[in-house]
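>>> Make a model of this:
(one chain, ligands or ions: 2)
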Amino acid sequence: MPATSSPDGPATGDPLADLHDALLAWLPTQRWFPAKGRQVVGLRTVAHSVVSTPEESPRVEHAVIGVSFADTSGGAEERYQLVLGAQSGPPAEVEHAVIGRRPGPDGRDEVVYDGLADGRISRLVLSLIVENQTRGPLRFVAEPDTEAPIVGPGRPLIGEQSNSSVIYGERAIMKLFRRATAGLNPDLELHRALRRQGSREVAPLLGAVEGELDGEPMTVAMLQGYASNSADGWSMALASVRDLLAEADLRADEVGGDFAGEAHRIGKTVAAVHLELAAALGTHPLDARAASEVEAWMLDRLERSAAAVPGVAEQRDAIAEVLRGVTAAEPSTLQRIHGDLHLGQELRTPTGWLVIDFEGEPSKSLADRVRPDSPMRDVAAMLRSFDYAAFHQLAEWEQSADDPDPQLERRAQEWADRNRSAFCDGYAEVSGTDPRDAPELLRAYELDKAVYEVLYETRNRPSWVSIPLRSMRRLLTPAGRGER
Ligand SMILES: Nc1ncnc2c1ncn2[C@@H]1O[C@H](COP(=O)(O)OP(=O)(O)O)[C@@H](O)[C@H]1O
Ligand SMILES: O=P(O)(O)O[C@H]1O[C@H](CO)[C@@H](O[C@H]2O[C@H](CO)[C@@H](O)[C@H](O)[C@H]2O)[C@H](O)[C@H]1O
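Numbering: from 1, shown residues only. Ligands and ions are numbered 1, 2, ... in the order given. Reported below is the predicted structural model:
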């Protein structure tokens, strides 16, 4: 039964009451918990079930916790999913994942830890998916007509992630969605739709774990084929920029690590995904009424960013004028899109590029993330990502140097221009539509993304905020507008 508690004292009746203080200390240390630095004023268990049978050890629990903050009015809470392991003496391998201690069912103290760190738990979850089992409120489902992965323990993926993933023997990867939201997660929904289209641009979907929240279905986790021997676009692009900046006299097309061929292929891949999503889930006209709705979301987001970041507030009117370009553009179409595309969401496999992570921007509500939008949003987000890769190293250097080196800035801009245009060429080749033929629309979407990024970086990586701020300024000057 749901129960509320506050940092001042745990509530009775809450199945995780004894872990309350430990959870408050542990949550801010997790990469997927985005609210670091915000003051938590309440923690409650929204849902809780025991996944394991009494014969299985360790005990495995699934929980949704609701966290409320001092800065959210009206008591709105953010909800997160936990998979917990509980045992009196867990193995040394999970030492780093311990959350706290509490009295176990037999009255003796037990250790509770982040369950995904324990290979026995990830193995259990995979076997339940493969066997299509139901445990309490959770349904473990294998995708029909797919080859089941060999059941074994999973290895937690370390790194910058919004959720938590485990890899099974380089064959499959399972992602536990940390943010708990009632409704079908767009990552699962769009992978299913793309699978129906026979897409070769996404990793094959193998299964899912589904639960319930607020009386509606909720996606707990997703299982996919693992692309072994792959590299992500962000690391590859950074290596290419490094090559260029290290060579004082060479142009972007002359250095060993030129990325333009890959940027062109990524453009083709993104266009193919757009065509597949349109075929699977339909399109709607981006007419005057729809365009003014899009404009309203953009202006709303501008207000939120301006309220938090003085650099945005100072340019508020000029930015709003560019965003209004959405309503001036020729009518086009809306459809389901990726929604948060960047170079880190592209994996280079030995045979081509895969697009991953169709969840949309993490801070948006589910309703906003599944709303049809212009494919231009994804195109603009990729163009932003080429800018990010180009200027990332300079932003790091600027932390320690007094003046930016104008020569290096020019070279970084040259890299960005070359790769942005290679991407657009590739996109146009497959989609039949060149994004540069709708410059107002493209510019409005690019600026909207930069406004979002300024706020994102201010909250998450303040030392990177100069990257989107620089682009924001470029998009506001007439010289920075043209793409060709
Ligand atoms: N199908 C896959 N094959 C190989 N690696 C993958 C696959 N899916 C995700 N990854 C790796 O996992 C990381 C996190 O995946 P992502 O879907 O972006 O999760 P999150 O939502 O947690 O950010 C990616 O950056 C990539 O390195
Ligand atoms: O990957 P997520 O879905 O969690 O997306 C969020 O984090 C991204 C950073 O990891 C962020 O992307 C921004 O930084 C990237 C470099 O790290 C850059 O390539 C992107 O262009 C830039 O937007 C994304 O915006 C955010 O939603």
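
>>> Contact partners for the residue of the stretch 101-250 of the chain found nearest ligand 2?
Taking Cβ to the nearest ligand atom, ligand 2 has its nearest neighbour within the stretch 101-250 of the chain at residue 162, 3.8 Å off. (Each C-beta comes from the backbone N, C-alpha and C, glycine too.) Residue 162 is in contact with 31-32, 34, 178-179, 359, 362, counting by Cβ atoms under 8 Å, 6 or more residues apart in numbering.

>>> And these, which of them are buried?
32, 34, 178-179, 359 (16 or more other Cβ atoms under 10 Å).

>>> would TSV of those with secondary structure, pLDDT and distance to ligand 2 be doable?
Listed next are the buried ones among the contacts of residue 162 as TSV, based on DSSP: H, G, I helix; E, B strand; the rest coil; pLDDT from 0 to 100; distance: Cβ to the nearest ligand atom, whole Å:
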residue	secondary structure	pLDDT	distance to ligand 2
32	coil	90	9
34	coil	77	9
178	coil	95	11
179	strand	94	11
359	coil	95	6
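
>>> I'd like to know which of the residues you listed is nearest to residue 251.
Each of these was checked against residue 251 using Cβ to Cβ; the closest is residue 359, at 37.7 Å.

>>> Can you report how many residues lie near the closest residue in space to the closest one that isn't next to it in sequence?
Using Cβ to Cβ, 6 or more residues apart in numbering and skipping the chain neighbours, the partner closest in space to residue 359 is residue 187 (4.5 Å). Number of residues near residue 187 (other Cβ atoms under 10 Å) recorded here: 22.

>>> For residue 187, give me its contacts.
Here residue 187 is in contact with 175, 177, 219, 222, 357-359 (Cβ under 8 Å, 6+ apart).

>>> sec struct for residue 146, please.
coil (DSSP: H, G, I helix; E, B strand; the rest coil).

>>> Can you check the pLDDT for it?
At residue 146, the predicted lDDT confidence score is 88.

>>> what's the burial count for residue 198?
Other residues within reach of residue 198, judged by other Cβ under 10 Å, total 7.

>>> For ligand 2, what's the nearest residue on the stretch 351-484 of the chain?
For the stretch 351-484 of the chain, Cβ to the nearest ligand atom, closest residue to ligand 2: residue 385, 3.4 Å.

>>> So that residue sits against residue 343, correct?
Yes - Residue 385 lies in contact with residue 343 (Cβ atoms under 8 Å); the separation is 4.5 Å.

>>> Now do the shared contacts for those two.
Shared contacts of residue 385 and residue 343, counting by Cβ under 8 Å, 6+ apart, come down to 233-234, 237.

>>> So which residues on the chain come close to ligand 2?
Where the chain comes near ligand 2, counting by Cβ under 6 Å from any ligand atom, the residues are 160, 162, 234, 340, 342-344, 357, 361-362, 384-385, 388, 453, 456.

>>> ok, now with 8 Å
Within the chain, the residues that sit near ligand 2 (Cβ under 8 Å from any ligand atom) are 160-162, 234, 340, 342-345, 357, 359-363, 381-382, 384-385, 387-389, 392, 449, 452-453, 456-457, 460, 464, 468.

>>> out of those residues, who's near ligand 1?
160-162, 344-345, 357, 359, 362.

>>> From these, pick the one nearest residue 318.
residue 362 (27.8 Å).

>>> Wait, a strand at that closest one?
No - read with three-state DSSP, residue 362 is coil and lies in no strand.

>>> From what I see, it and residue 369 are in contact.
No - applying Cβ under 8 Å, one finds residue 362 not in contact with residue 369, separated by 9.1 Å.

>>> Show residues contacting stretch 453-470.
34, 304-305, 308-309, 311-312, 363, 384, 387-388, 391-392, 395-396, 398-399, 450-451, 472.

>>> The contacts of residue 187: which two are farthest apart?
Checking those with Cβ to Cβ, the most distant pair is 219 and 357, at 13.5 Å.

>>> helix or strand right after the helix or strand containing residue 65?
Element membership for residue 65 (DSSP states H and E) is strand 59-69. Reading on from strand 59-69 to the C-terminus, the next helix or strand found by DSSP H and E is strand 77-87.

>>> could you give the angle of the helix or strand following that next one to strand 77-87?
For strand 77-87, the following helix or strand on the C-terminal side (DSSP H and E) is strand 98-103. Interaxial angle of strand 98-103 relative to strand 77-87 (axes from the mean of the first three to the mean of the last three Cα atoms, to 10 degrees): 70 degrees.

>>> what pLDDT, on average, does strand 98-103 get?
Mean pLDDT, strand 98-103: 95.

>>> ditto for stretch 244-263
82.

>>> hmm, back to that, quick one: which of residue 219 and residue 357 has more around it?
Using other Cβ under 10 Å, the more surrounded residue of residue 219 and residue 357 is residue 219, with 24 against 19.

>>> Please name the residues that touch the nearest residue to that one once chain neighbours are set aside.
Closest residue in space to residue 219, ignoring its immediate chain neighbours: residue 185 at 3.6 Å, by Cβ to Cβ, 6+ apart. Residue 185 sits next to 177, 219, 222, 359 when contact means Cβ under 8 Å, 6+ apart.

>>> So which of these is the closest to ligand 1?
Nearest to ligand 1 among the contacts of residue 185, counting by Cβ to the nearest ligand atom, is residue 359 at 5.9 Å.

>>> Can you report phi and psi for the closest one?
phi -80, psi -20 (degrees, to the nearest 10).

>>> quick one: contacts for it?
162, 177, 185-187, 339-340, 369.

>>> Can you say which two of the residues you listed are spatially most distant?
Longest distance between any two of those is 15.0 Å, between 177 and 339; criterion Cβ to Cβ.

>>> can you pull out the helices in the protein?
Here the chain has its helices, by DSSP state H, at 20-26, 119-130, 186-196, 233-246, 260-281, 288-308, 310-313, 316-323, 325-328, 366-369, 376-400, 406-431, 439-460, 466-476.

>>> So which elements touch the second one?
By that I understand helix 119-130. strand 77-87, strand 138-142, strand 164-168, strand 172-176, strand 205-213, strand 216-225 (3 or more Cβ pairs under 8 Å, 6 or more residues apart in numbering; DSSP states H and E).

>>> Where does pLDDT dip in the stretch 1-150 of the chain?
1-12, 36-37, 72-75 (pLDDT under 70).

>>> And the residue of it closest to ligand 1?
Counting by Cβ to the nearest ligand atom, the stretch 1-150 of the chain gets nearest ligand 1 through residue 32, at 6.9 Å.

>>> Correct me if wrong: that residue contacts residue 159.
No - using Cβ under 8 Å, residue 32 makes no contact with residue 159, being 11.3 Å away.

>>> And stretch 348-359, end to end?
End-to-end distance for stretch 348-359, by Cα to Cα, to the nearest Å: 20 Å.

>>> What of stretch 127-134?
One end of stretch 127-134 sits 12 Å from the other (Cα to Cα).

>>> cool, stretch 137-145 as well?
One end of stretch 137-145 sits 25 Å from the other (Cα to Cα).

>>> check whether that stretch contacts ligand 1.
No - Stretch 137-145 does not reach ligand 1 (Cβ under 8 Å from any ligand atom); its nearest approach is 13.8 Å.

>>> Over to stretch 269-287?
No - Stretch 269-287 stays clear of ligand 1 (Cβ under 8 Å from any ligand atom), getting no nearer than 14.3 Å.
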